[in-house]
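Enquirer: 3D, please:
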Amino acid sequence: MVQTVSSKLVSVVVVCSNAKQHLPACLESLHRQNYPDVEVIAVDNGSTDGSREYIETAHPWVRIHATGANLGYGPANNAAFSIATGDYLVVLNPDTEVHPDFVTGLVEAIEQQEAGLATSRICLFNERGVINACGNEVHVTGIGYCRGLGEPVERFESGVQVASISGCAFMIRRDVLADIGGFDDDYFLYVEDTDLSIRANIAGHRIVYAPRSIVFHKYGLSMTPRKFFLVERNRRQTLLKNLRWGTLIALQPVMWMTGGLMWVYAIIHGPEYIRANFQAHAWIYRNWSLILTKRRHVQALRKVGDRDVMRLLSSTLPAGQVIGPGLLGRLAGLPMNLAYRLLTIPVRIVG
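Expert: The predicted structure follows:
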């Protein structure tokens, strides 16, 4: 057995929403962990494909928590956090397979680097020498994206501080969770990892990348009108909740530019995307008082100024991830990122 730096109990949460086809590889790999003290909680998040029955029959060692309906990714994880008994809590996507040192690597990263959260080295499931994410980068407009996507694994051997966890696979200390709270229940899906990470940074908790904790993920980059609505709504409320007013004012040119680009994207992709963008804006306006209430709570956690938070955020976006692969994406990315670099200068001064 691999010698670990700790023997604290680790609770691994796997949220399953009709994920039966992925569960054999995921749960069998979790059963092979080298770490000595792990409990696994599978959240049956309104599945109708027999996920719960499969787990009960094939993996009786797994604790099952049934929500009765699809609550969304963040709320379902929060429900498991409330019943988990571990000192460390791990979130893992079901469409994954993990290395035997997956848990050990996360524990070592948190304890050796004195961090509050740690995120795994996530590789592509079918190209295991290629990175999916080594933590996430976060743009100043609240857009999160995969750090290292498509690059060889050998380039990411060192544990470093990162801006954000990847919601696919990460660990958080229980005391940090108690301090900053879990995922925002109102997000349902998407950007919840960015929001949690910015709150952690504001509260003074470091996020680190754990290269020894290896995950293989069935990753695919796609967009639908529903996802477009959720991403736009959630990234906007993330900024409004977490950043100081002066920072938000300085961000306005950047936000106007990004808003314009999102409208261009919506118009190009058709009426359903235009409707989704209108709905995202409308949700923010209708729920302004709710956002302000959340904002007061977040600001009460603050131990770090926005200038330090902004140092972790990026002034550029990877064209391949946000525009698309190919020559058009690369050409469009050049002027876009030049404009972003110029427009973010006041933000970094004010923050």
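Enquirer: Would you confirm that Leu196 contacts Val176?
Expert: No - look at Leu196 against Val176 with Cβ atoms under 8 Å: they stay out of range, at 10.0 Å. For every residue, glycine as well, the C-beta is placed using N, CA and C.
Enquirer: where does the stretch 201-350 of the chain dip in pLDDT?
Expert: 320-331 (pLDDT under 70).
Enquirer: For it, just list every one of the helices.
Expert: 225-242, 245-250, 252-269, 271-286, 288-300, 306-312, 319-322, 327-343, 345-350 (DSSP state H, counting those that start in this stretch).
Enquirer: neighbour-wise, which of Leu196 and Val176 wins?
Expert: Ranked by neighbour count (other Cβ atoms under 10 Å), Leu196 and Val176 place Leu196 first, with 28 against 23.
Enquirer: tell me the contacts of the more buried one?
Expert: Ile165, Ile180, Gly182, Phe183, Asp184 (Cβ atoms under 8 Å, 6 or more residues apart in numbering).
Enquirer: what's the domain layout of this structure?
Expert: Here the domain parsing of the chain from automatic domain parsing is 10-217, 225-350.
Enquirer: Next one: the residue nearest to Pro211 when sequence neighbours are not counted from Gln33, what distance?
Expert: Closest residue to Pro211 apart from its sequence neighbours, by Cβ to Cβ, 6 or more residues apart in numbering: Arg121 at 4.9 Å. Arg121 is 16 Å from Gln33, where distance means Cβ to Cβ, to the nearest Å.
Enquirer: Of these two, which one has the most company?
Expert: Arg121 (26 against 20).
Enquirer: didn't the more buried one look like it was pressed against Ile214?
Expert: Yes - with contacts counted by Cβ under 8 Å, Arg121 reaches Ile214, the gap being 5.2 Å.
Enquirer: which residues are common contacts for the two?
Expert: Joint contacts of Arg121 and Ile214 (Cβ under 8 Å, 6+ apart) are Gly105.
Enquirer: what's Ala25 in contact with, if anything?
Expert: Thr96, Glu97.
Enquirer: How about Leu92?
Expert: Applying Cβ under 8 Å, 6+ apart, the residues near Leu92 are Val12, Val13, Val14, Cys26, Leu30, Val98, Cys168, Ala169, Val215.
Enquirer: hmm, 10 Å instead?
Expert: Residues near Leu92 by Cβ atoms under 10 Å, 6 or more residues apart in numbering: 12-15, 26, 29-30, 40, 77, 98, 102-103, 120, 167-171, 215, 217.
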